[in-house]
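A.B. asks: using only what follows, build the 3D model:
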Amino acid sequence: MTHASAGIVLQARFGSTRLPGKALATIGGISLLERCLRRLLLARVGQVVLATTTLAEDDVLAAVAARMGIGVYRGSADDVLGRYLAAAMAFQFDVVIRATGDNPAVDTAAPRRVLRGLGAADYVCEDGLPYGGGVEAVRLSALSRAAAEATASADREHVTTFVRERPEVFDVVRLAAPRPLHRPDVRVTVDTNHDLAHVRQLFAHTTSAEPPLRELITASDWCSRSVAV
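C.D. replies: Predicted coordinates for the structure are as follows:
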């Protein structure tokens, strides 16, 4: 399923506060950034774009995306909300599916589900997926209003908080995650060195080049049991 005006925008930068350079850290021999982009391409719901910064250190991230045939938008290092809006406008997206460079295990069907679930709403996300396993969708109109009105640094950094935390202003939809994937206790994001080691272990215990999220959940359960023993 495709949507003519929908696109997936992945935010990533080299200078992560807690784990600098993590975008190029490898998981099974493939960089974190490329893992993230590969999974979003597998969703096949629209163009995938990397939104990174204009800093020279992010040249290498833009090069990774270009090598993969993925469009790149470069904007503010600090105003991520503004960067998202500008990326959406540059690529003429009316609906933005937001993904982040922390999440190499996003469920490949998640972009399709949130796009379908958006309907006429302004914003949609899924509740109950493993932490780092999902994406969210927001209309350009809502993103534009947020960019015009949001003044809190947290809202500028986290992009969608201004919209999703104001259901009295915006039409916000929260979907339940598919039952087989409803595992909020499982963590598949990469924010720290510990997370990176954990996610590397999960991928090492799978048999697919790009393992389904369900397979990574099973690997997490296996790793948890082995630690307990």
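
A.B. asks: any chance you could list what contacts stretch 48-58?
C.D. replies: The set of residues external to stretch 48-58 that reach it, using Cβ atoms under 8 Å, 6 or more residues apart in numbering, is 7-15, 33, 37, 40-41, 61-62, 65, 70-77, 83-84, 87, 91. Just so you know, the C-beta spots here come from the backbone N, C-alpha and C atoms, and that holds for glycine as well.

A.B. asks: in helices only, show me those residues.
C.D. replies: Secondary structure assignment by DSSP state H places L33, L37, L40, L41, L61, A62, A65, R83, Y84, A87 of those in helices.

A.B. asks: partner residues bridging the closest residue to the last one other than its chain neighbours?
C.D. replies: What it means is A87. Nearest residue to A87 in three dimensions, chain neighbours excluded: Y73, at 3.7 Å (Cβ to Cβ, 6 or more residues apart in numbering). Going by DSSP bridges, Y73 is paired in beta bridges with A51.

A.B. asks: what number of residues lie near Y73?
C.D. replies: Look at Y73: counted by other Cβ atoms under 10 Å, it has 20 neighbours.

A.B. asks: for it, give me the pLDDT.
C.D. replies: Y73 is assigned a predicted lDDT (pLDDT) of 98.

A.B. asks: try H3
C.D. replies: For H3, the model assigns a pLDDT of 48.

A.B. asks: for the residue positioned nearest the centre of the chain, grab phi and psi.
C.D. replies: Among the residues of the chain, the one closest to the centroid is A99, at 1.9 Å (Cα atoms, centre = their mean). Dihedral pair for A99: phi -130, psi 160, per degrees, to the nearest 10.

A.B. asks: quick one: it and F170, what's the gap?
C.D. replies: According to Cβ to Cβ, to the nearest Å, A99 stands 20 Å off from F170.

A.B. asks: for this protein, longest helix please?
C.D. replies: Ranked by number of residues, the top helix in the chain under DSSP H is helix 213-228.

A.B. asks: tell me which residues of that one come out buried.
C.D. replies: Across helix 213-228, burial judged by 16 or more other Cβ atoms under 10 Å covers L213, E215, L216, I217, T218, A219, S220.

A.B. asks: distance from the helix or strand of the chain with the lowest mean pLDDT to the middle of the chain?
C.D. replies: Lowest by mean pLDDT, DSSP states H and E among the helices and strands of the chain is helix 213-228, with a mean of 87. The chain centroid and the centroid of helix 213-228 are separated by 22 Å, computed with Cα atoms, centre = their mean, to the nearest Å.

A.B. asks: contacts for that helix?
C.D. replies: With Cβ under 8 Å, 6+ apart, helix 213-228 has contacts from 105-108, 129-130, 133, 180-181, 183, 186-188, 198, 201-203, 205-208, 211.
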